[in-house]
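K.L.:
Next come a sequence and a model predicted from it.
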Amino acid sequence: MPEDPSGSTWLDRIWYAGAPGAWLLPLSLLYRAVIGLRRAAYAAGLLKQTRVDVPVIVVGNLTVGGTGKTPLTAWLVARLLALGLRPGIATRGHGRRQGGALRVTPASTAAEVGDEPLLLARRTGVPVCVAARRAEAARQLRDAGCDVVVCDDGLQHLALARDLAIVVVDAARGFGNGRLLPAGPLREPASRLDRADLVVVNVAGGLAMPAGVGEGALRMHLEGELALPVAGNGSPRPLTGFQGQRVHAVAGIGNPQRFFAQLRAAGLDFDARPWPDHHAFQAADITFADAAPVLMTEKDAVKCAAFAGERHWYVPVEATFDAPDEARLMQRLAALCKPGAHA
């Protein structure tokens, strides 16, 4: 279990709550030097980028932990399908057991392919491929007939050339203490936003834009008002239908507090059960002495379906944008994917 009921670790408290962590600064300086040299090597051509002959869109973030990349990836895929394209999704497949490039199917397991790739395969219905080397996944998708590849994560994976880089920022956490790993949550300096093609800020819950994201950032909302049965049997149930009773809330995602805030906003009274991101759930983790309902995220549900019962529910979220921001995104997608636009 995490170290305290809020789900925060000692690093979280340093990164986001102002706990002392100056002793980690020498390691951050070393990390900065390594990523700087690596980026310079790619810029100078000393390290080679692979370019596949279809457009590549990378959705990533600057910080460790969840920001909303996966819902945005699903949104992009849906819009690309609406444009008449054949998108595929390339991703690493965090925590999977097998190596090499592997095609994900709805019948795959999270242990084989990772929880987020399995979620995306089931949610979107498009080809999904996992590989530590994302260029391998992109090539496999191209060979399978995909005419555009969307990478879920991989902003720092410079070996695969990209045509559109979208950085997702969590408005609730922002950039934490502004320091690089391990003294802070940043994988790259916040100034990296200046080189992004688009910046999308997850303002779920009506949060304000965090400092430092710039005026051109797009606002993404995450909406989820229904709970679905994890075991697949039964009808959806409004979240408000759980009001007036005590429930258990389980979350093994990058920022469990986002899920708990969503339930709180729906007026639910719950017992919060946070777990580390990508936690390998077992039946005991979602079994409680009482008969109260158990709510979890969609990402957790793909790992729990095999042993879930009638009282287990998951709450999927959908990314949405205000009309002007959606129009900007659609314009960029259409321009990127029109015939002759890809170099």
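P.N.:
Good, I have the coordinates. Just so we're clear, the structure is a prediction, and the values are computed from it rather than from any experiment.

K.L.:
Show me which helix runs longest in this protein.
P.N.:
helix 25-43 (DSSP state H).

K.L.:
Can you name the element that comes right after it?
P.N.:
Sequence-wise, the next helix or strand beyond helix 25-43 is strand 56-60, with elements assigned using DSSP states H and E.

K.L.:
Tell me the helices and strands packed up against that following strand.
P.N.:
Here strand 56-60 touches helix 69-82, strand 148-152, strand 164-170, going by 3 or more C-beta pairs under 8 Å, 6 or more residues apart in numbering; DSSP states H and E. For every residue, glycine as well, the C-beta is placed using N, CA and C.

K.L.:
average model confidence for that strand?
P.N.:
Computed over strand 56-60, the mean pLDDT rounds to 97.

K.L.:
who does it pair up with?
P.N.:
Using DSSP bridges, the strands paired with strand 56-60 in its sheet are strand 148-152 (parallel), strand 164-170 (parallel).

K.L.:
Looking at these, which is nearest to residue 268?
P.N.:
Of all the strands paired with strand 56-60, the one in closest proximity to residue 268, counting by C-beta to C-beta, is strand 164-170 (22.0 Å).

K.L.:
Contacts made by the closest one with the rest, please.
P.N.:
Contact with strand 164-170 is made by 55-63, 65-69, 72, 155, 175, 192-193, 195-202, 210, 213, 217, 220, 255, 258, 332, 336, as judged by C-beta atoms under 8 Å, 6 or more residues apart in numbering.

K.L.:
mind checking how far residue 75 is from residue 247?
P.N.:
Computed as C-beta to C-beta, to the nearest Å, the residue 75 to residue 247 distance reads 28 Å.

K.L.:
Repeat that for residue 61.
P.N.:
When residue 61 is compared with residue 247 (using C-beta to C-beta), they lie 30 Å apart.

K.L.:
between these two, who's got more neighbours?
P.N.:
residue 61 (25 against 19; other C-beta atoms under 10 Å).

K.L.:
Looks like the more buried one contacts residue 155 (just checking).
P.N.:
Yes. With contact taken as C-beta atoms under 8 Å, residue 61 and residue 155 are classed as touching, separated by 6.7 Å.

K.L.:
intersection of neighbour lists for those two?
P.N.:
Applying C-beta under 8 Å, 6+ apart, one finds that residue 61 and residue 155 are jointly contacted by 167, 187.

K.L.:
Tell me where the protein has helices.
P.N.:
Taking DSSP H as the criterion, the chain carries its helices at 10-16, 25-43, 69-82, 110-113, 115-124, 134-143, 256-265, 298-304, 323-337.

K.L.:
And residue 3, what's its pLDDT?
P.N.:
If you check residue 3, the pLDDT there is 35.

K.L.:
what's the answer for residue 255, then?
P.N.:
The per-residue pLDDT reported for residue 255 equals 89.

K.L.:
how much space between it and residue 299?
P.N.:
With the distance defined as C-beta to C-beta, residue 255 ends up 12 Å from residue 299.

K.L.:
Ok, residue 187 next?
P.N.:
Residue 187 sits 20 Å away from residue 299, taking C-beta to C-beta as the criterion.

K.L.:
Neighbour count for the two, which is higher?
P.N.:
residue 299 (24 against 17).

K.L.:
Give the residue spans of the chain that score low on pLDDT.
P.N.:
Residues of the chain meeting the criterion pLDDT under 70: 1-8, 97, 340-343.

K.L.:
per-domain residue ranges of it.
P.N.:
If you go by automatic domain parsing, the domain ranges for the chain are 56-221+320-337, 225-316.

K.L.:
Quick one: end-to-end distance for the last one.
P.N.:
This points to domain 225-316. Using C-alpha to C-alpha, to the nearest Å, the end-to-end distance of domain 225-316 comes out at 8 Å.

K.L.:
The longest one too?
P.N.:
Domain 56-221+320-337 has its terminal residues 10 Å apart, counting by C-alpha to C-alpha.

K.L.:
what about it, distance to the chain center?
P.N.:
Going by C-alpha atoms, centre = their mean, to the nearest Å, the spacing between the C-alpha centre of domain 56-221+320-337 and its chain's C-alpha centre is 7 Å.

K.L.:
now swap in stretch 305-314 and tell me
P.N.:
Distance of stretch 305-314 from the chain centroid (C-alpha atoms, centre = their mean) equals 23 Å.

K.L.:
Just the buried residues of it, please?
P.N.:
Within stretch 305-314, the residues that count as buried by 16 or more other C-beta atoms under 10 Å are 305, 307-308, 311-314.

K.L.:
same check, this time on stretch 259-273
P.N.:
Using 16+ other C-beta under 10 Å as the burial criterion, the residues of stretch 259-273 that qualify are 259-260, 262-263, 266, 268, 270, 272-273.
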